[in-house]
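Participant: one predicted model, sequence on top.
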Amino acid sequence: MIHLKSERELDIMAKGGRILGLTHEHLRPLVKPGVSTKELDQAAEAYIRSHGGAEPAFKGLYGFPGAICISVNEEIVHGIPSAKRILRDGDIVKLDVGVKLDGFFTDASITVPVGIIDQATQRLIDVTRTSLDAGIAAAVVGNHVGDIGAAIWGVVGPAGYTVADDLVGHYVGTKPHGDPQVPNKGKPKRGPKLMAGLTIAIEPMVNIGGSATRTLSDKWTIVTADGSRSAHFEHTVAITESGPRVLTRAA
Ligand code: MG
């Protein structure tokens, strides 16, 4: 059953979500050539825990070894932080963070350039961020999850990119993941209806090349099958009578 949240519960989620947004802002300037993904992971964990009661929600979740997921270049999601993975000039890094506070989960991701990136990669980042904005704008009472997917695809498709196969947004709130799924490619008026108090993670995962994916032998990291680069932006959003409320912003 989907848990619809009261205004008070949304305020609690927003508290955790703000810590998440601040964590992204804390990490952004640490992303530099020569830094390992493990260093970023440790910085994220320390920063989240410095806020009374907040925990990195992905740590140990389904057995995940890191505090946050860090995915580089062709890695789409679920990259494992490692001392051996050193960021290089021109890379892009996706920082997917979950925060648990007072029993509620929030989930958000940003894609950050490492040093100077090429124009093609910058365009991928810009289009992906714009597609998230379009998805959020469609997260209104009376719409269906398909409308969100249609809005995202309406930006991604015309740009000549694909969305990663089988990876979708999801319910988030009382638990880290659940139904409904929130597709990144959808048909308007299809799928579960959006109701006030529903909280979901909207998260386009956009590839320069094909949509096909594969999982690395570490059993976690999902990469593009063709090795093309992928970008990811995500917010936790509440559907409310007064429109979409983004819960994972720093300010
Ligand atoms: Mg996420």
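Facilitator: Thanks, I have the structure now.

Participant: going by C-alpha atoms from here, please, whenever you check contacts or count neighbours.
Facilitator: OK.

Participant: show me where pLDDT drops low in the stretch 1-150 of the chain?
Facilitator: Where the stretch 1-150 of the chain drops to pLDDT under 70, the residues are 1.

Participant: please name the nearest non-neighbouring residue to residue 90.
Facilitator: Closest residue in space to residue 90, ignoring its immediate chain neighbours: residue 117 at 4.2 Å, by C-alpha to C-alpha, 6 or more residues apart in numbering.

Participant: what's the burial count for that neighbour?
Facilitator: Each residue near residue 117 was counted by other C-alpha atoms under 10 Å, and the total is 14.

Participant: just the element for it, please.
Facilitator: Applying DSSP states H and E as the criterion places residue 117 outside every helix and strand.

Participant: what separation do you get for it and residue 208?
Facilitator: Distance, residue 117 to residue 208, using C-alpha to C-alpha, to the nearest Å: 15 Å.

Participant: residue 129 too?
Facilitator: 14 Å.

Participant: which residues touch residue 108?
Facilitator: 20-21, 96-98, 201, 203, 233-236, 248 (C-alpha atoms under 8 Å, 6 or more residues apart in numbering).

Participant: oops, could you answer that again for residue 224 instead?
Facilitator: Taking C-alpha under 8 Å, 6+ apart as the test, what residue 224 contacts is 74-76, 164, 207, 210-214, 230.

Participant: neighbour-wise, which one of the residues you listed leads?
Facilitator: Neighbour-wise, the contacts of residue 224 (other C-alpha under 10 Å) top out at residue 230, 32 neighbours.

Participant: leaving out chain neighbours, which residue sits closest to it?
Facilitator: residue 207 is the one closest to residue 230 (C-alpha to C-alpha, 6+ apart), at 4.3 Å.

Participant: flag every residue of this structure that's near the ion.
Facilitator: Residues of the chain lying near the ion by C-alpha under 5 Å from the ion: 96, 107-108.

Participant: run the chain-centre distance for the top helix by length along the chain.
Facilitator: Across the chain, the longest stretch assigned as helix under DSSP state H is helix 7-27. Centre-to-centre, helix 7-27 and its host chain are 14 Å apart (C-alpha atoms, centre = their mean, to the nearest Å).

Participant: same question for stretch 58-68.
Facilitator: Distance, centroid of stretch 58-68 to centroid of chain: 15 Å (C-alpha atoms, centre = their mean).

Participant: stretch 3-20 now?
Facilitator: Counting by C-alpha atoms, centre = their mean, stretch 3-20 comes out at 17 Å from the chain centroid.

Participant: for the closest residue to the ion within the stretch 151-251 of the chain, the count of nearby residues, please.
Facilitator: Nearest to the ion, among the residues of the stretch 151-251 of the chain, is residue 234, at 6.3 Å (C-alpha to the ion). Look at residue 234: counted by other C-alpha under 10 Å, it has 25 neighbours.

Participant: please renumber so the chain begins at 552
Facilitator: Noted, 552 is the first residue going forward, which turns the last one into residue 785.

Participant: now do the helices in the chain.
Facilitator: Counting by DSSP H, the helices of the chain are 558-578, 588-600, 670-688, 696-707.

Participant: got the angle for the first one vs helix 588-600?
Facilitator: In terms of direction (axes from the mean of the first three to the mean of the last three C-alpha atoms, to 10 degrees), helix 558-578 departs from helix 588-600 by 140 degrees.

Participant: tell me the buried residues in helix 558-578?
Facilitator: Residues of helix 558-578 classed as buried by neighbour count (16 or more other C-alpha atoms under 10 Å): 560-561, 563-575, 577-578.

Participant: confirm for me that residue 638 is in contact with residue 588.
Facilitator: Yes. Using C-alpha atoms under 8 Å, residue 638 is in contact with residue 588, at 7.2 Å.

Participant: out of those two, which sits in the busier spot?
Facilitator: Per other C-alpha under 10 Å, whichever of residue 638 and residue 588 has more neighbours is residue 588, with 27 against 19.
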